[in-house]
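I'll drop the sequence and a predicted model, then ask my questions.
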Amino acid sequence: MERTGYIFYLFMIVIVNGHLICDETSDGKTTAVLLGGEFEGKTETYPCNLAIGDVGDIIGLGAAVLNGQIIFCGGTAGPSRNNCYKNEGFDWIEIASMNIKRYFFTMTTLGDKMLAIGGYGGVNNENLNTMELFDGTSWTLLPFNLTSERAHHCTVPLSVSEVLVIEGNTKNYAHSKVEIYDINQGFIGELPELPTPRAEFGCALFNNEVWVAGGGGADFSLTMLVEVFNLASRTWRTGPSMRYARVGLTLEVVGDELIAFGGYGYPDSLERFNGENWIFDVEPMHYHHYLHSSVVISC
């Protein structure tokens, strides 16, 4: 703890109650942290400038924030991986590994636990239908599976036990199934399908609606299309399209804006949705981000 505190002191960053913040006068702002990915694998934070170490050019990794600490797992940099690491400043400390090697899967925080879903991997690098839960100490395979194998999908937490899963890629085809799972019960039910099948897209809960942006369609074309699911009415609508088509991007809510980060086509750029329009930042990001992962923390 003394070493970690010293590192953060040098860079004017401290840990308060387990959360990274920029200085002692933090005003509740948040920042996205982009990890891994193809091309460079450099860590980048936006809009705050935090000192967080690189994880390398691992693609298809999963990342989440558990009890205020960034954790990333899996991915592939040649062979698939099940290793997990927690962040301590510039250092990434290895913790308990997942039971199954996974890449292009999702990791989602649900209360004081973290859920890994699907992906490619296992013994023969096949599509996976398994889920496993991390309690802060160890991973446990859940006794129930997804209704079908999938990778390049996307998840949004709905409560401390439920997660919404948008299908993504199953056996090399983009699909559009939308389902709810509970970590205590398994499959809960199916919701109206995503109107446009796609994979490698971004999704996020924004203003109490599920936003889906970009990705690759059933014909493997890139799209700028945005579709929005209203949880109250359980209906989809078409949202304002992004300025540029992106695949392999991530979507995060930072402050009061929805932000699309990177992706093939424009890997060193971002677009911000302010509630009415997407704004393309003409100032490029410092690094390229594609098939990466991202989380949001305090700054």
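Alright, I've got the coordinates. Numbers count the residues shown, from 1 in each chain.

so how many other residues sit close to P143?
P143 has 7 neighbours, counted by other CB atoms under 10 Å. Backbone N, C-alpha and C define where each C-beta goes, glycine included.

Leaving out the residues flanking it, which one is nearest to P79?
Once flanking residues are discounted, P79 sits nearest to K101: 7.8 Å by CB to CB, 6 or more residues apart in numbering.

what does G239 give?
V226 (3.9 Å).

still on that earlier bit, just the pLDDT at the residue nearest to P79, thanks.
K101 is assigned a pLDDT of 97 by the prediction.

you'd agree it is up against E126?
No - the pair K101 and E126 fails to qualify as a contact (CB atoms under 8 Å) at a distance of 11.0 Å.

So which of the two has more stuff around it?
Each of K101 and E126 has its neighbours counted (other CB under 10 Å); K101 has more, 23 against 12.

Relative to the host helix or strand of V228, what are the paired strands and their orientations?
Assigning secondary structure by DSSP states H and E places V228 in strand 226-230. Paired with strand 226-230 in the same sheet, following DSSP bridges, are strand 209-213 (antiparallel), strand 235-238 (antiparallel).

Out of those, which gets nearest to V253?
With distances scored as CB to CB, the stretch of those nearest to V253 is strand 209-213 (8.9 Å).

Out of the strands paired with strand 226-230, which one sits most buried?
strand 209-213 (a mean of 23; mean count of other CB atoms under 10 Å).

ok, now how distant is F273 from R234?
22 Å (CB to CB, to the nearest Å).

Look at those two and report which has more neighbours.
More crowded of F273 and R234, by other CB under 10 Å: F273, with 21 against 10.

buried stuff in stretch 116-133?
116-122, 127-133 (16 or more other CB atoms under 10 Å).

which one of those residues is nearest L251?
Distances from L251 to the buried residues of stretch 116-133, taken as CB to CB, are shortest for I117 (17.0 Å).

wait, the closest one sits on C154?
No - with contacts counted by CB under 8 Å, I117 stays clear of C154, the gap being 9.9 Å.

Give me the common contacts of these two.
Shared contacts of I117 and C154 (CB atoms under 8 Å, 6 or more residues apart in numbering): T106, V165.

quick one: the helices in this structure?
Assigned by DSSP state H, the helices in the chain fall at 2-10.

Give the bridge partners for the residue nearest to G239, please.
Per DSSP bridges, the residues bridged to V226 are A213.

neighbours around it, how many?
A count of nearby residues for V226, using other CB under 10 Å, gives 23.

From W211, how far off is it?
V226 sits 7 Å away from W211, going by CB to CB.

intersection of neighbour lists for these two?
With CB under 8 Å, 6+ apart, V226 and W211 have common neighbours G239.

related to what we said a few turns ago, in contact with the residue nearest to G239: list those residues for me.
Taking CB under 8 Å, 6+ apart, one finds W211, V212, A213, G214, T238, G239, P240, S241, M242 in contact with V226.

Next: G202.
C154, V212, A213, G214, G215, R246, L249, T250, L251, A260, F261, G263.

Which one of those is nearest to H289?
F261 (5.8 Å).

so that closest one touches R272, yeah?
No - using CB under 8 Å, F261 makes no contact with R272, being 10.1 Å away.

and the two? which has more neighbours close in?
Remark: of F261 and R272, F261 carries more neighbours, 26 against 17, as counted by other CB under 10 Å.

which residues does that one bridge with?
T250, L270.

residue contacts, it?
With contacts defined as CB under 8 Å, 6+ apart, the neighbours of F261 are 32, 34, 46, 202, 249-252, 270, 285, 289, 292, 294.
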